[in-house]
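A.B. asks: Provided below are the primary sequence and the corresponding predicted coordinates.
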Amino acid sequence: MSQNPHPVALAPPPATSQNNNMREPLGYLLTWTTYGTWLPGDPRGWVEKGRAWYGMPYEAGKASRVAYSRDRMKESPVILDGHGRRAVEAGVEETCRYRNWQLHAVSARLNHVHAVVTAPGTSPNRIVSDLKAYGTRALNRLYLAEKRKNWWTGGGSKRHLYDERALCAAIEYVRNQDEHQGEEDR
């Protein structure tokens, strides 16, 4: 099995004493990939659609699944250049300002984006969807001639951060992406 690519320590979500429901996290570490750059079957690990839940290990790489996924692609993979990365980061910042969410950190890379966001009362699926939409608009404005339909893969990782330690670790992780990924990815 592949290891988790996000080295942020996560604890199981604690329940409240009042109604035994899960309490709302302090924030989320959100990660999504650019279209065609992390396909099902990828040797770095992947999650089968509809089979992602807390504690579920990543699936191991499967070359046949990657080949099948690649054959089904409707457009070429997206690799973000420096201008594209800055546009996506600006789109994430704009989303958070407009929605009145707290953006703690954002880092757009060659083939993925990390953001740490606090958005009380908002589902992480909605947060990622909105961040992708604003990022898409920013990329479409920047690359008018591209006429792409797909800038992003579906879904993304939505890690719940339930305490200050986890929130601070996620912020530090995202802010220090050059150390984790290397300067060439910037």
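C.D. replies: Looks like it came in fine.
A.B. asks: and stretch 31-46, which residues are buried?
C.D. replies: Going by neighbour count (16 or more other CB atoms under 10 Å), the buried part of stretch 31-46 is 31-42, 45-46. Backbone N, C-alpha and C define where each C-beta goes, glycine included.
A.B. asks: what does stretch 162-177 give?
C.D. replies: Quick answer for stretch 162-177 (16+ other CB under 10 Å): Y162, A166, L167, A169, A170, I171, Y173, V174, Q177.
A.B. asks: mind saving the C-alpha coords of it as PDB?
C.D. replies: The C-alpha trace of stretch 162-177 is given here as PDB (Å, rounded to 0.1, in the frame of the first residue of the first chain):
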ATOM      1  CA  TYR A 162      -9.800  19.100  14.800                       C
ATOM      2  CA  ASP A 163      -7.300  20.800  17.000                       C
ATOM      3  CA  GLU A 164      -4.800  23.600  16.900                       C
ATOM      4  CA  ARG A 165      -1.800  21.300  16.500                       C
ATOM      5  CA  ALA A 166      -3.300  19.700  13.400                       C
ATOM      6  CA  LEU A 167      -4.300  23.100  12.000                       C
ATOM      7  CA  CYS A 168      -0.800  24.500  12.600                       C
ATOM      8  CA  ALA A 169       0.900  21.500  11.100                       C
ATOM      9  CA  ALA A 170      -1.300  21.700   8.000                       C
ATOM     10  CA  ILE A 171      -0.500  25.400   7.600                       C
ATOM     11  CA  GLU A 172       3.200  24.800   8.000                       C
ATOM     12  CA  TYR A 173       3.100  21.900   5.500                       C
ATOM     13  CA  VAL A 174       1.400  24.100   2.800                       C
ATOM     14  CA  ARG A 175       3.600  27.100   3.400                       C
ATOM     15  CA  ASN A 176       6.700  25.000   3.100                       C
ATOM     16  CA  GLN A 177       5.900  23.200  -0.100                       C
END
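A.B. asks: centre of the chain to it, how far?
C.D. replies: Distance of stretch 162-177 from the chain centroid (CA atoms, centre = their mean, to the nearest Å) equals 14 Å.
A.B. asks: checking the residue nearest to the spatial centre of the chain next. Helix, strand or coil?
C.D. replies: Centrality entry for the chain: nearest residue to the mean C-alpha point is T31, 1.3 Å, by CA atoms, centre = their mean. With DSSP: H, G, I helix; E, B strand; the rest coil as the basis, the three-state label of T31 is strand.
A.B. asks: how about L80, secondary structure?
C.D. replies: Applying three-state DSSP: L80 is coil.
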